[in-house]
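# Prediction below, plus the sequence it came from.
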Amino acid sequence: ALQAHADLKAQGKTPKVMVVEKRGAMPKGARYEDTKATARTAFARQQIIGMKPQVVADLAKLGIKIPDRYRIKEMRSVATDGDTMRQSKSKPDLKMSPEVSSMVGANSSHVIRINELQGILTEAAKKRGIKVVFNTGLETLSQNSKSVNIGLKTASGSTSKVRSRWVIGADGAGSKTRSLAGIKWVENDKHGYMVGVWFKGIRGNNRIVYPNAPGPGNSGVLLGDRSQVYGLFALPSHLGNLLEQAKAQQRALTAGEQNKIMRHCERVAKKMLSPSEAARVKADYMLSFPIALNRAQAAVKGRVVIAGDAVQTVNPYTGMGANVAMQVSKLAAQSVVGADGSSRRVARTLLAKYGKRAVGAAKAMHNLCMPLRTTFRSPAPVYKRQLRNKTKAMAKKGRTKTRRSATRNRQRSKRATSQPRARTAKAR
């Protein structure tokens with residue numbers, strides 16, 4: 001919305017931009033610890049994300065500065081070694097394709113809660129005269145060659161209709177804009193379940209701690225803002241099955257099941273923290289969500305354009321989901337403003353170019369996510385690992401049970417061949 005407003009104003013037009021948000025607004029200073037912010041949606045919107053330098057720079061071009069208090073003070077990778085994790089000072093970059101690297105750049109430079117970022121952007125939008133409506137959802141959508149007619153419904157039940165020249169749907173993986181516009185959604189195999197966990201006992205200290213090579217069933221990423229630490233963890237299959245069973249039975253997790261998942265995440269988090277912090281950290285609250293690499297077959301349908309998670313879903317371990325979503329949304333706004341008022345041929349070319357780039361970025365992100373599928377596998381049980389190590393040690397000394405057993409069998413076979421046993425009466 002901010003990009004579309006700036007581009008329209010640069011063309012000398014009177015910008016008329018409206019933002020519709022289904023969920024309610026949260027105060028910019030709202031905190032996880034606030035007693036009034038304990039609803040499920042409130043926690044979901046207080047997730048912490050890392051912002052890439054390119055995204056921060058693009059916001060600065062629009063006159064929106066992300067304050068320095070959100071700048072990262074520490075970024076550390078943790079190398080996995082079997083079932084243990086050891087600290088590493090290296091910061092390897094993911095092997096990104098040109099479609100992705102040109103959008104987001106290198107490692108994150110800022111960490112911020114989603115509700116605080118929303119507050120910054122909402123204030124900037126209101127200052128520019130952009131109409132922002134909360135607690136309002138999309139109900140109907142129809143379009144012709146000149147406009148799009150949408151029906152809106154508020155949380156209180158009142159309805160209204162809006163006529164617009166263009167609609168950009170950035171309403172998530174379950175996008176209603178996408179479904180009403182008739183854009184097909186391709187669902188792929190699920191990779192597993194992830195959980196977002198909020199921790200207490202330690203401060204965030206503006207940092208990101210992530211795995212160098214995430215191990216099967218024993219991986220996580222920690223993000224800390226100024227006060228809170230938030231972690232993302234890929235659940236191994238035996239814990240993911242608990243969520244799958246609860247979903248199939250249409251029930252919530254039991255206290256025991258939830259405690260089992262949180263204790264697993266707590267153990268993984270402790271391996272990524274210093275000994276003093278590991279002794280104090282406690283898992284406090286969790287939200288679970290399935291991971292599947294789904295994407296839309298197209299990003300444009302007539303005068304309706306989709307962007308962000310409405311185009312694709314990604315594995316949060318990449319650390320680029322929100323950043324790519326914001327960059328694709330910026331491209332969508334630029335394409336729509338360029339197509340507005342242009343000839344039909346020029347408009348079709350601009351929108352086709354955007355659609356190709358948006359879907360191309362989605363495919364590139366999915367290729368980046370595929371190797372991370374191994375993080376959802378269950379680790380080998382301890383006793384099996386100990387037995388395997390013991391067998392390897394014995395093999396080096398040449399005293400394995402397998403070798404002794406093979407030798408004994410050969411000796412028995414040799415004796416039986418040289419001295420055949422007399423057949424008994426019963427055998428005859």
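Done, it's in. Residues are numbered from 1 along each chain as shown.
# I'd like the distance between the one residue sitting closest to the centre of the chain and residue 193.
Nearest residue to the geometric centre of the chain (Cα atoms, centre = their mean): residue 316, 2.3 Å. Residue 316 sits 12 Å away from residue 193, going by Cβ to Cβ, to the nearest Å. All C-beta atoms are positioned from the backbone trio N, CA, C, and that covers glycine.
# And for residue 114?
21 Å.
# Could you do residue 245 as well?
Taken as Cβ to Cβ, the span from residue 245 to residue 193 is 11 Å.
# Give me the more crowded residue out of those two.
Using other Cβ atoms under 10 Å, the more surrounded residue of residue 245 and residue 193 is residue 193, with 23 against 12.
# my guess is the more buried one meets residue 246, correct?
No - Residue 193 lies out of contact with residue 246 (Cβ atoms under 8 Å); the separation is 10.5 Å.
# in the stretch 51-200 of the chain, which spans are strands?
74-81, 84-88, 110-113, 131-133, 136-143, 148-154, 159-164, 167-169, 185-186, 190-200 (DSSP state E, counting those that start in this stretch).
# Among these, which one carries the weakest average confidence?
Note on the strands of the stretch 51-200 of the chain: lowest mean pLDDT is at strand 84-88, with a mean of 41.
# which neighbours do residue 316 and residue 193 share?
residue 291 (Cβ atoms under 8 Å, 6 or more residues apart in numbering).
# Over to residue 205. Which of the three states is it?
coil (DSSP: H, G, I helix; E, B strand; the rest coil).
# ok, it - contacts?
73-74, 224, 226.
# Check the gap between it and residue 141 for me.
45 Å.
# hmm, who's touching stretch 256-265?
Applying Cβ under 8 Å, 6+ apart, the contact partners of stretch 256-265 are 195, 197, 220, 231, 233, 235-236, 239, 242-243, 246, 253, 283, 286, 288.
# Show me which of the residues you listed is closest to residue 177.
Minimum distance to residue 177 across the contacts of stretch 256-265 is 25.7 Å, recorded for residue 288 (Cβ to Cβ).
# and that closest one, how far is that from residue 194?
Distance check for residue 288 against residue 194: by Cβ to Cβ, it reads 7 Å.
# Residue 336 touches residue 169, doesn't it?
No - if you go by Cβ under 8 Å, residue 336 and residue 169 don't touch, sitting 11.6 Å apart.
# what's the overlap in contacts for those two?
residue 305.
# ok, and the closest non-adjacent residue to residue 229?
The shortest distance from residue 229 to any non-neighbouring residue, by Cβ to Cβ, 6 or more residues apart in numbering, is to residue 199 (4.4 Å).
# same deal with residue 270?
Per Cβ to Cβ, 6+ apart, closest to residue 270 is residue 278, 3.9 Å.
# Just give me the neighbour total for the one you found.
Using other Cβ under 10 Å: residue 278 sits among 16 other residues.
# separation between it and residue 197?
In this view, residue 278 and residue 197 are 15 Å apart by Cβ to Cβ.
# what does residue 234 give?
Applying Cβ to Cβ to residue 234 and residue 197 gives a distance of 12 Å.
# For stretch 146-163, C-alpha coordinates in CSV please.
The C-alpha trace of stretch 146-163 is given here as CSV (Å, rounded to 0.1, in the frame of the first residue of the first chain):
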residue,chain,number,x,y,z
LYS,A,146,-12.6,-1.9,-15.7
SER,A,147,-13.0,-2.5,-12.0
VAL,A,148,-13.3,-5.0,-9.1
ASN,A,149,-16.3,-5.2,-6.8
ILE,A,150,-15.6,-6.5,-3.3
GLY,A,151,-17.9,-7.2,-0.4
LEU,A,152,-16.6,-6.7,3.1
LYS,A,153,-17.9,-7.8,6.5
THR,A,154,-16.8,-6.5,9.9
ALA,A,155,-16.4,-8.5,13.1
SER,A,156,-19.7,-7.1,14.3
GLY,A,157,-21.5,-8.5,11.3
SER,A,158,-22.1,-5.3,9.3
THR,A,159,-21.4,-5.5,5.5
SER,A,160,-20.3,-3.0,2.9
LYS,A,161,-19.3,-2.9,-0.8
VAL,A,162,-16.3,-1.3,-2.3
ARG,A,163,-15.5,-0.7,-6.0
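# Could you list the buried residues of it?
148, 150, 152-153 (16 or more other Cβ atoms under 10 Å).
# By mean pLDDT, which helix or strand of this protein comes out lowest?
One helix or strand of the chain scores below all others by mean pLDDT, DSSP states H and E: strand 84-88, with a mean of 41.
# before we move on, the earlier item: more neighbours, residue 234 and residue 197?
The residue with more neighbours, out of residue 234 and residue 197, is residue 234; 31 against 24, by other Cβ under 10 Å.
# so what's the closest residue in space to the more buried one that isn't next to it in sequence up against?
Closest residue in space to residue 234, ignoring its immediate chain neighbours: residue 375 at 4.0 Å, by Cβ to Cβ, 6+ apart. The contact partners of residue 375, taken as Cβ under 8 Å, 6+ apart, are 192, 214-217, 219, 234, 317.
# Just give me the closest of those residues to residue 119.
residue 317 (26.8 Å).
# wouldn't the closest one be in contact with residue 221 here?
Yes - counting by Cβ under 8 Å, residue 221 is a contact partner of residue 317 at 6.3 Å.
# so what's in contact with those two at the same time?
210, 232.
# Could you check how far residue 251 is from residue 110?
Distance of residue 251 to residue 110, given as Cβ to Cβ: 39 Å.
# pLDDT score assigned to residue 424?
Note for residue 424: predicted pLDDT of 57.
# sorry, that was for residue 227
pLDDT recorded at residue 227 is 82.
# Low-confidence regions, this protein specifically.
Residues of the chain meeting the criterion pLDDT under 70: 24-45, 78-106, 212-214, 379-387, 395-406, 414-428.
# and the lengthiest helix in it, how far from the chain's centre?
Longest among the helix segments of the chain by residue count, using DSSP state H, is helix 344-369. Here the centre of helix 344-369 is set off from its chain's centre by 21 Å, with Cα atoms, centre = their mean, to the nearest Å.
# Next: stretch 208-219.
On Cα atoms, centre = their mean, the centre of stretch 208-219 falls 14 Å from that of its chain.
# in that stretch, what counts as buried?
Quick answer for stretch 208-219 (16+ other Cβ under 10 Å): 208-212, 214-219.
# Which helix or which strand is home to the residue lying closest to residue 201 once chain neighbours are set aside?
On the basis of Cβ to Cβ, 6+ apart, the spatially nearest residue to residue 201 that is not a chain neighbour turns out to be residue 280, at 4.1 Å. Residue 280 is part of no helix or strand, with elements assigned from DSSP states H and E.
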